[in-house]
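Undergrad: this is a predicted model, with the sequence first.
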Amino acid sequence: MFQTVLRDAASRVQAHLDAVMAPMGDVPVVDAMRYASAGGKRLRAFLVLESARLHGIGPEQAIWAAAAVEALHAYSLVHDDLPCMDDDDLRRGLPTVHRQWDEATAVLAGDALQSLAFELLSRPEMGEAQQRADLVLGMARAVGAQGMVLGQALDIAAETADTPLTLAQITELQAGKTGALIEWSATVGPVMAGADVAPLRAYSRALGLAFQIADDILDVEGDAETVGKAVGKDAEAGKATFVSLLGLEGAKARAQALIDEACQALAPYAEEAETLREAARFVISRQS
C-alpha cells in the first residue's frame with residue numbers, strides 16, 4: 001500500500017513541477033532546476049499529501065505544498081553537494097548539478113528552486129490567506145537559521161572541531177538539518193485544516209531522526225550504486241555519527257525505537273494513519 005501511494009505522490013509532484021516550470025523556457029539555469037528536482041523518493045511530498053488527506057484536504061489543493069517542499073529539498077541538495085559544502089560528485093545516481101553544468105549554475109539553480117518553493121506556497125489555489133501565510137512562515141523557519149541551515153552550519157563546523165560531537169549535539173544538528181523540513185511536511189495537513197498539529201509533530205520528529213540514523217547506517221553498509229551517492233565518507237573523515245557513537249547495532253536499535261515512537265504518536269488517527277505507519281517502517285528498511 002505505502003509503496004503504491006509513494007509512487008503516486010512522486011508521479012503527481014513530478015507532473016506538477018514539470019507544468020510549473022514549462023513556461024520558464026530552456027535556458028541553462030532552468031534546465032538545471034529541472035534536473036535537480038527530478039527523481040528521488042519524494043518522501044516529503046508524500047507526507048504533505050497524506051497529512052492533508054487525514055484532515056480532509058484534497059490533493060488538488062495540497063499538491064502545491066507537496067511540489068513546494070520538493071523544490072525546496074532539491075535546492076538544499078544542490079547546495080549541499082557543492083565543493084564548498086559536502087563536495088559530492090553523485091546525487092541520485094547521476095552527476096551533481098555543479099558537475100553536470102558548473103558551480104555558478106548550481107548556485108543559481110538552487111537559489112531559483114528556493115524562490116519557487118515560496119512562490120508555490122503563496123498561490124491562491126492553496127486556500128485561505130491565513131493558512132498560506134502560516135505555511136510560508138513555517139517553511140521559512142524550518143529551512144533557515146533556526147532549522148536546516150543551522151544544522152548544515154553545525155555539521156560543517158564539526159568537521160574542523162577539536163573534539164567530536166556528542167550524541168546530544170548530533171541529535172540537535174540533525175533535528176535541524178534533516179528533521180525540520182520533514183516536520184514541516186508532516187504538519188501541512190493540520191495547518192491547512194486549522195487542526196491540532198501535536199500528533200503529527202511528534203510523529204515527524206521521531207521519523208526525521210530515524211531517517212538520519214538510517215542514512216548513517218547506509219553510509220556504512222550501503223554501496224554507491226544502490227544508494228545513488230558516495231558512501232563511506234563519514235568514516236574516512238573521522239566524522240562523529242550515530243553509528244560511530246552507538247555502534248552499528250546500537251544505531252539500528254535506536255532507529256527502531258524511534259519508529260515505534262512515531263507509530264504510537266499516530267494513535268489519534270487510528271487505522272486512517274496506517275500508510276504513515278508503513279512510511280515509518282520504510283524509513284529504516286530502505287536501501288537508498
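TA: Yep, it's here.

Undergrad: only C-alpha atoms for contact and neighbour calcs from this point on.
TA: Will do.

Undergrad: and K239, helix, strand or coil?
TA: Put simply, K239 is coil when judged by DSSP: H, G, I helix; E, B strand; the rest coil.

Undergrad: low-confidence ranges in the protein?
TA: Applying pLDDT under 70 to the chain flags residues 222-238, 288.

Undergrad: the helix or strand hosting D18 packs against which elements?
TA: Assigned by DSSP states H and E, D18 falls within helix 2-21. Contact here means 3 or more CA pairs under 8 Å, 6 or more residues apart in numbering; DSSP states H and E; on that basis helix 2-21 packs against helix 28-36, helix 43-54, helix 59-80, helix 274-283.

Undergrad: quick one: distance of it to the chain centre.
TA: 15 Å (CA atoms, centre = their mean, to the nearest Å).

Undergrad: please identify the buried residues of that helix?
TA: By neighbour count with 16 or more other CA atoms under 10 Å, helix 2-21 contains the buried residues F2, L6, A9, A10, R12, V13, Q14, H16, L17.

Undergrad: next: stretch 42-53.
TA: Neighbour-count burial for stretch 42-53 [16+ other CA under 10 Å]: R42, L43, R44, A45, F46, L47, V48, L49, E50, S51, A52, R53.

Undergrad: which outside residues touch it?
TA: Stretch 42-53 is contacted from outside by 5-6, 9-10, 13, 58-59, 62-63, 65-67, 69-70, 181-182, 185-190, 192, 200, 276, using CA atoms under 8 Å, 6 or more residues apart in numbering.

Undergrad: PyMOL command for the buried members of these?
TA: Here is the PyMOL command that picks out the buried ones among the contacts of stretch 42-53, judged by 16+ other CA under 10 Å:
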select buried, resi 6+9+10+13+59+62+63+65+66+67+69+70+181+182+185+186+187+188+189+190+192+200+276
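
Undergrad: dump the helices and strands packed on helix 2-21 into TSV; add distance to T171 as well.
TA: Output for the helices and strands packed on helix 2-21, formatted as TSV (distance: least, CA to CA, whole Å):
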stretch	distance to T171
helix 28-36	28
helix 43-54	20
helix 59-80	19
helix 274-283	17
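
Undergrad: of all those helices, which one is nearest E159?
TA: helix 59-80 (14.3 Å; CA to CA).

Undergrad: quick one: name whatever helix or strand follows that closest one.
TA: Assigned by DSSP H and E, the successor of helix 59-80 is strand 90-91.

Undergrad: how distant is stretch 168-175 from the center of its chain?
TA: Relative to its parent chain, stretch 168-175 has a centroid offset of 16 Å by CA atoms, centre = their mean.

Undergrad: how about stretch 207-220 as PDB, C-alpha atoms only?
TA: In PDB, the C-alpha atoms belonging to stretch 207-220 read as follows (Å, rounded to 0.1, in the frame of the first residue of the first chain):
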ATOM      1  CA  LEU A 207      10.600   9.900  11.900                       C
ATOM      2  CA  GLY A 208      13.200  12.600  11.000                       C
ATOM      3  CA  LEU A 209      15.700  11.400  13.400                       C
ATOM      4  CA  ALA A 210      15.200   7.700  12.400                       C
ATOM      5  CA  PHE A 211      15.700   8.800   8.800                       C
ATOM      6  CA  GLN A 212      19.100  10.300   9.600                       C
ATOM      7  CA  ILE A 213      20.200   7.300  11.600                       C
ATOM      8  CA  ALA A 214      19.200   5.100   8.600                       C
ATOM      9  CA  ASP A 215      21.400   7.400   6.400                       C
ATOM     10  CA  ASP A 216      24.300   6.900   8.700                       C
ATOM     11  CA  ILE A 217      23.800   3.200   8.600                       C
ATOM     12  CA  LEU A 218      23.700   3.300   4.800                       C
ATOM     13  CA  ASP A 219      26.900   5.200   4.700                       C
ATOM     14  CA  VAL A 220      28.500   2.100   6.400                       C
END
